[in-house]
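>>> Quick one, fold the following:
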Amino acid sequence: MAVINPPSRTSRLARRSRDDRVVALARRSGPTTPRQPLPTRQRDPWHRRRATPEQAIAFAVVAFLLAALLGSESLVGLARRQPFGTTRTIALGLASGLDRVAHALSLDRPSHLARQALGKDRQPYDVDALISPNRRAGQRSTDSLAAPTTTVPPRKTPSAATPLKVYVGGDSMGREVASGVSQAAPNALSDIETDYRVSTGLARPDFFDWNQRLAQVIVEHKPDVFVLIFGTNDNQNMQTPTGILEAGSAQWLAEYRSRVARVMDLVHQTNTTTLWVGLPPMRSHGFDQAVQAMNAIYREEAARRPWISFIDTRTPFAGADGGYADSLADGGEAVQIRQSDGVHWSTSGAAQVGQLAWRVIARRWDMPGA
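A predicted model of the protein is given here:
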């Protein structure tokens, strides 16, 4: 068995000395590189100190106030949309204050210029002037019309050159009504204008005034047919000069009837057809009770006006018990007629509403589909 002895201390020292001499010789014989000075840090002219948390908060507050001032008009509109109460009063007060400051500093000028360019800053229309020629002087809006004192121009015959101009307006359910009417109407003979406004109705003209909008449509667009639907957002308190009226109360129902009557009188123009689409059953029991009360007003006020055709959607969309139904049988198959929110119509439901409305329009204007 071979034995390997470890190197002695003397041999290790000799080897280290030899290695040191080799390294020293290599350093003397090789090229030498002068030591480069450490680069000095150049200051970036665009370099900025990082903001402290306090500065960041201050910047955010200033930016928020500037944005609020620039968009003060939108903030006022948002505050007006809130339900009547203390929260709305406070929000509207703050927003109105910001709007006054923005106006004083001319910060609202860009938004006003944009509104003028879009034609949104206009003088209000005289709604009474558009209504009064269609009624006997001194009569209430629910009274019958007097015979016309001037010759009524002949009603046009819809054609490809002069299509029937159909205006579909109202709250968010107007979208489905317009979609259904567009499917039922012949494209070559009709021109459908869709003008639904989400979260609007007749209860809150402070948020969106439908009388002003319809007056604008009458003057500028001159449609042949009006198809209107309201009520989805009207089951809420209303503000009057005498105070706030609680939704569903006798005073509320009387005021709502007056507002419905005013719109019905407004859309009565020469050689026009107006359809008022009622609301279908609603899934919520409480909301459905309010809808039935509003439908009764629509039906009764329409019956007093020969120029208004009320379209009943409760009966054709009711279930076996006469109430809400998600789907109905059609040819042995269940067809979904309502959306998941229990309020709006589905695509199939919208098509059925459109057919109901178009049958009336086609009958009045001697068009296909009557």
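
>>> CA only for contacts and neighbour counts going forward, please
Noted.

>>> the helices in the chain, which residues?
9-29, 53-70, 72-81, 86-104, 109-117, 127-131, 174-184, 210-220, 250-266, 285-303, 347-365 (DSSP state H).

>>> Those helices: lowest mean pLDDT?
Note on the helices of the chain: lowest mean pLDDT is at helix 109-117, with a mean of 55.

>>> Let's test this: mean pLDDT of stretch 221-240, rounded?
97.

>>> Buried residues in that stretch, which are they?
For stretch 221-240, the neighbour count (16 or more other Cα atoms under 10 Å) marks 222-232, 234-239 as buried.

>>> where does the residue lying closest to Asp288 once chain neighbours are set aside fall, phi/psi-wise?
Distances taken as Cα to Cα, 6 or more residues apart in numbering put Met282 closest to Asp288, at 4.8 Å, once the chain neighbours are dropped. Main-chain torsions, Met282, degrees, to the nearest 10: phi -110, psi 150.

>>> Roughly how far does Met282 sit from Trp365?
With the distance defined as Cα to Cα, to the nearest Å, Met282 ends up 33 Å from Trp365.

>>> Same question for Ala178.
With Cα to Cα as the criterion, Ala178 and Trp365 are 18 Å apart.

>>> More neighbours: which of the two?
Taking neighbours as other Cα atoms under 10 Å, Ala178 and Trp365 compare with Ala178 leading, 28 against 18.

>>> I'd say the more buried one and Gly354 touch.
Yes: using Cα atoms under 8 Å, Ala178 makes contact with Gly354 at a distance of 7.2 Å.

>>> can you tell me the distance between the two ends of stretch 292-312?
End to end - Cα to Cα - stretch 292-312 spans 11 Å.

>>> residues making contact with it?
142-144, 231, 257, 260-261, 264, 268, 273-280, 356-357, 360 (Cα atoms under 8 Å, 6 or more residues apart in numbering).

>>> distance of the closest residue to Ile131 other than its chain neighbours from Trp210?
Nearest non-adjacent residue to Ile131, counting by Cα to Cα, 6+ apart: Leu266, 5.1 Å away. Distance, Leu266 to Trp210, using Cα to Cα: 11 Å.

>>> ok, back up a step: list the contacts for the residue nearest to Asp288?
Per Cα under 8 Å, 6+ apart, neighbours of Met282: 288, 291, 323-324, 342-343.

>>> for Arg175, same thing?
So Arg175 contacts 194-196 (Cα under 8 Å, 6+ apart).

>>> And it, how far from Val198?
9 Å.

>>> Likewise for Ala362?
Ala362 is 28 Å from Val198, by Cα to Cα.
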